[in-house]
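Asker: Whatever this is, show me its structure:
(4 chains)
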There are 2 protein chains.
Amino acid sequence: MDLDERKLKILQAIIRNYLETGEPVGSRTISKYTDLNLSSATIRNEMSDLEELGYILQPHTSAGRIPSDKGYRLYVDRMMLEKEEQLNQATQEVKEMQRILLEREDKMESVLKQMAKMLAANTNYATMISAPQVRGNKLKFIQLSRVDKHQLLTTIVVEGNVIKNSMITVGDPLDDETLLKLNILLNTNLNGLPIEEINLAMIAKLKQQAGDHAGIVAEVMDAVASQIKNDENIEIYTSGANNIFKYPELADNQRASELITTFEEKQLLTELVNETLTDETGTGIQVYIGNETPVKTMKDCSVVTATYELEEGVKGTIGIIGPRRMDYDKVIDTLKTLKSQLDTIYKKDDGQT
Amino acid sequence: MDLDERKLKILQAIIRNYLETGEPVGSRTISKYTDLNLSSATIRNEMSDLEELGYILQPHTSAGRIPSDKGYRLYVDRMMLEKEEQLNQATQEVKEMQRILLEREDKMESVLKQMAKMLAANTNYATMISAPQVRGNKLKFIQLSRVDKHQLLTTIVVEGNVIKNSMITVGDPLDDETLLKLNILLNTNLNGLPIEEINLAMIAKLKQQAGDHAGIVAEVMDAVASQIKNDENIEIYTSGANNIFKYPELADNQRASELITTFEEKQLLTELVNETLTDETGTGIQVYIGNETPVKTMKDCSVVTATYELEEGVKGTIGIIGPRRMDYDKVIDTLKTLKSQLDTIYKKDDGQT
DNA sequence: TATTAGCACTCCTTGCGATTGAGTGCTAAT
DNA sequence: ATTAGCACTCAATCGCAAGGAGTGCTAATA
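Answerer: Have a look, this model is predicted:
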């Protein structure tokens, strides 16, 4: 037995209807719904077949049918194919984001939050956005400055203009000359170097050259190292977690509690980000249905993600989390638009910010 | 009619029992519960009085009594008096926090998150912590550095070692001498100045002295200004929002959704922080019961807050949000301990970090 | 006079059976 | 191959009675 055209149409009708209502859909509904002009009895027979094939299932005898994960998967895959080439134009909001993201100020945090918020408001689902991650971690600039007698400020800039500061407290005040020497020492040795390539030998050498001020060098290196650690700790912004209460199938205490924790702790979401960033498909849009999602607490949800690329190697993930019966069509459209616009930044003026 | 000793004891018994069970408590329960050895009938009479006085209320006829906000208030106030002088010693965890907070690195963010988490885990309520806020906003240090040909890095340090960076893109590369001049110009004019005192006249003067590079000065001033704006945007960390699901009276969709939104958006929580920071009582611990809380979405909750002071004028708020029938005793103890330990930092080595 | 025992009354909760209604599967007719 | 018709299933809903926790009131008691 195979999926002929008619079965497909019926399946589609079932899914569409279920997405709208959230209720199991019966044969009579479909017999009116589709343009096939078939009686409910015929539909019943077809539905029976579809169930046998695993595309739909019955919550209990004498109930209507609901799509299975397999059914959703088919539906989504077909939809993705249809959409393949169609590119929508960007809204004004997206253009504004583009502008601000390019500037890469510390406004970025608030822009991403705003973006998550906007998406959540538009879609009625929960959303998350990971801040763009810099892969190439070359040191671009290091500087020690004296803030007052006992305090030095370390400023570290890495490729992609990620800036990091830290304060160092010193016992004896440093004079200008020493400070200059240290700055030259650090910059000539470290500038342009990928952080990963800084090894113990190099640190030892620097310390030796710093003489009395080896302690300061050590603290600077600590600050650099913590940059790497920070890197594992992806920043993620979420919004619209409360939207899960709009879908009864997610709103019971048990599930809601788990989901809320997931959104609040964000730790688990990093898995999702890592997953999407590595597992590249052609389109950059990924759909996880139910158990397919890498985050266990979301096994009753569907997750649609898009990876965007601001500059070469500077990538982030946008995710929309909703119930299985999410409006895939709209969500994928929205993400596709957003993604293509964000990507445009990179393609427009290649390389340089 | 007044509250004699016996009425008070009965009220206390009702509240204690209700805190434990969450169920309306009847006269028979109390008659066994207390050491007063009174029959349930007597208790009934007293309860009737207590209800008339507004300390307790009945969800419906033929149900037991539950405490009213007024009842809780009396209970909490009395408890606070009893606790007045008793100071508990700090746990190991708190001591560790002390150490890290003192260093005021960018680790602070993760420490505060950790702290919120720990509190939530210990108490089974939702928690929030606001990052310590600097009041005195004197500029301590400004510096422009060249990162590459077209990019300048502005580093601004204000009192309390809050650091801010921003990138400035310039068309024509600046030579070292110009850069040095600009740095001297900015520092001699602005160093030690409270941000509020920087006015248009001063900016105009600086721009004039900067000549060709007035644009750069303008951008630096923007960065300084955004420091003030940031100030309004208090950083708040939350944890344990999922705990609200443990209390049926908060766990219905309507309420849960509102609360979750409050925790996620955090915007509303700043009101709470502002409230607590201005409205100082002696102890620094505040208890808002039900409608007393400044955040409307929490009208069915009780909120206990503590303000802590790391250095002079550097304050933050810790809050615990739970149901009305929260274990006030434990919560207040915990917060009191934490607060006193954090405050100790300030009192130990006054003024200087 | 304060306390208590007793009793009628209220009203929420629980359980249970009957009813309803949407939907199916099967069979026989078209 | 399609459809009409019918018996059957089963979750959901309703009504109702029983149960029980708790109150308020009254009259007896110490």
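
Asker: Show the subsequent helix or strand relative to the lowest-mean-pLDDT helix or strand in chain A.
Answerer: When the helices and strands of chain A are scored by mean pLDDT, DSSP states H and E, helix A:92-103 comes last with a mean of 66. Next along the chain after helix A:92-103, taking DSSP states H and E as the criterion, comes helix A:107-123.

Asker: What is that next one packed up against?
Answerer: Secondary-structure packing of helix A:107-123 (3 or more C-beta pairs under 8 Å, 6 or more residues apart in numbering or on different chains; DSSP states H and E): helix A:92-103, strand A:126-130, strand A:236-239, strand A:314-323, helix A:328-348. The C-beta positions use only the backbone N, C-alpha and C, and glycine is treated the same way.

Asker: Could you give the bridge partners of the residue positioned nearest the centre of chain A?
Answerer: The centre of chain A sits closest to A:Thr317, judged by C-alpha atoms, centre = their mean, with a distance of 2.5 Å. A:Thr317 has the following beta-bridge partners by DSSP bridges: A:Thr307.

Asker: Tell me how many other residues surround A:Thr293.
Answerer: For A:Thr293, the neighbour count with other C-beta atoms under 10 Å in any protein chain shown is 23.

Asker: Quick check: the gap between it and A:Met80.
Answerer: Going from A:Thr293 to A:Met80 by C-beta to C-beta, to the nearest Å gives 17 Å.

Asker: likewise A:Gln151?
Answerer: Note on A:Gln151: its distance to A:Met80, by C-beta to C-beta, is 56 Å.

Asker: if I pick the nearest residue to A:Tyr247 once chain neighbours are set aside, what's in contact with it?
Answerer: Excluding the flanking residues, the one nearest A:Tyr247 by C-beta to C-beta, 6 or more residues apart in numbering or on different chains is A:Pro323, at 4.2 Å. Under the criterion of C-beta atoms under 8 Å, 6 or more residues apart in numbering or on different chains, the contact list for A:Pro323 reads A:22, A:244, A:247, A:249-250, A:300-302.

Asker: what about 10 Å?
Answerer: By C-beta atoms under 10 Å, 6 or more residues apart in numbering or on different chains, A:Pro323 lies in contact with A:19, A:22, A:125, A:243-244, A:246-251, A:290, A:300-302.

Asker: Give me the distance between the closest residue to DNA strand D within the stretch 101-250 of chain A and A:Arg325.
Answerer: Closest residue of the stretch 101-250 of chain A to DNA strand D, C-beta to the nearest atom of the strand: A:Pro248 (10.6 Å). Counting by C-beta to C-beta, the gap from A:Pro248 to A:Arg325 is 11 Å.

Asker: what is in contact with those two at once?
Answerer: Common neighbours of A:Pro248 and A:Arg325 (criterion: C-beta under 10 Å, 6+ apart): A:Gly22.

Asker: Between the two, which is the more surrounded one?
Answerer: A:Arg325 (19 against 10).

Asker: isn't that one right next to A:Glu249, touching?
Answerer: Yes: using C-beta atoms under 10 Å, A:Arg325 makes contact with A:Glu249 at a distance of 7.9 Å.

Asker: Could you tell me which residues touch both of the two?
Answerer: In contact with both A:Arg325 and A:Glu249: A:Gly22, using C-beta under 10 Å, 6+ apart.

Asker: per the record, what domains does chain A have?
Answerer: Chain A breaks down into these domains under automatic domain parsing: A:5-67, A:88-131+A:234-348, A:139-232.

Asker: quick one: which of the ones you listed is nearest B:Ala63?
Answerer: Smallest distance to B:Ala63 across these (C-beta to C-beta): 24.1 Å, for domain A:88-131+A:234-348.

Asker: rewinding a little: so which of the domains of chain A is the most packed in?
Answerer: Most buried of these by mean neighbour count (mean count of other C-beta atoms under 10 Å in any protein chain shown) is domain A:88-131+A:234-348; its value is a mean of 19.

Asker: got a list of what A:Ile318 touches?
Answerer: When contacts are counted by C-beta under 10 Å, 6+ apart, A:Ile318 is found next to A:112, A:115-116, A:119, A:127-130, A:273, A:276, A:285, A:304-308, A:334-335, A:338-339, A:342.

Asker: ah, wrong one, I meant A:Met79
Answerer: Per C-beta under 10 Å, 6+ apart, neighbours of A:Met79: A:12, A:287, A:328-329, A:332-333.

Asker: ok so it is a helix residue?
Answerer: Yes: according to DSSP: H, G, I helix; E, B strand; the rest coil, A:Met79 belongs to a helix.

Asker: Can you give me the distance of it to A:Lys330?
Answerer: Using C-beta to C-beta, A:Met79 is found at 11 Å from A:Lys330.

Asker: And for A:Arg324?
Answerer: Relative to A:Lys330, A:Arg324 is positioned 15 Å away (C-beta to C-beta).

Asker: quick one: low-confidence parts of the stretch 101-250 of chain A?
Answerer: Under the criterion pLDDT under 70, the flagged ranges of the stretch 101-250 of chain A are A:101-107, A:134-136, A:230-232.

Asker: Show me the contact partners of stretch A:203-217.
Answerer: Everything outside stretch A:203-217 that qualifies as a contact, by C-beta under 10 Å, 6+ apart, is A:144, A:152, A:154, A:168, A:170-172, A:174, A:178-179, A:181-182, A:185-186, A:189-190, A:198-199, A:218-221, A:224-225.

Asker: contacts with chain B among the residues you listed, please.
Answerer: Among the contacts of stretch A:203-217, the ones lying near chain B by C-beta under 10 Å from any C-beta of the partner chain are A:Thr154.

Asker: Filter the contacts of stretch A:203-217 down to the ones in strands?
Answerer: Under the assignment DSSP state E, the contacts of stretch A:203-217 contribute A:144, A:152, A:154, A:168 to strands.

Asker: so what's the second one up against?
Answerer: Spelled out, that is A:Leu152. By C-beta under 10 Å, 6+ apart, the residues touching A:Leu152 are A:144-146, A:166-170, A:173-174, A:179, A:182, A:216, A:219-220.

Asker: Show me the helices in chain A, by range?
Answerer: A:5-21, A:27-33, A:40-53, A:69-83, A:92-103, A:107-123, A:176-190, A:200-210, A:214-232, A:253-265, A:267-278, A:328-348 (DSSP state H).

Asker: Which of those sits closest to DNA strand C?
Answerer: Closest to DNA strand C of these, according to C-beta to the nearest atom of the strand: helix A:27-33, at 3.4 Å.

Asker: thought A:Ile198 was touching A:Asp222?
Answerer: No: assessed by C-beta under 10 Å, A:Ile198 is found out of contact with A:Asp222, at 11.7 Å.

Asker: Enumerate every residue touching the spatially closest residue to A:Glu159 that is not a sequence neighbour.
Answerer: Of all residues not flanking A:Glu159 in the chain, A:Lys138 sits nearest, at 4.2 Å (C-beta to C-beta, 6+ apart). Applying C-beta under 10 Å, 6+ apart, we find A:Lys138 in contact with A:158-160, A:190-197.
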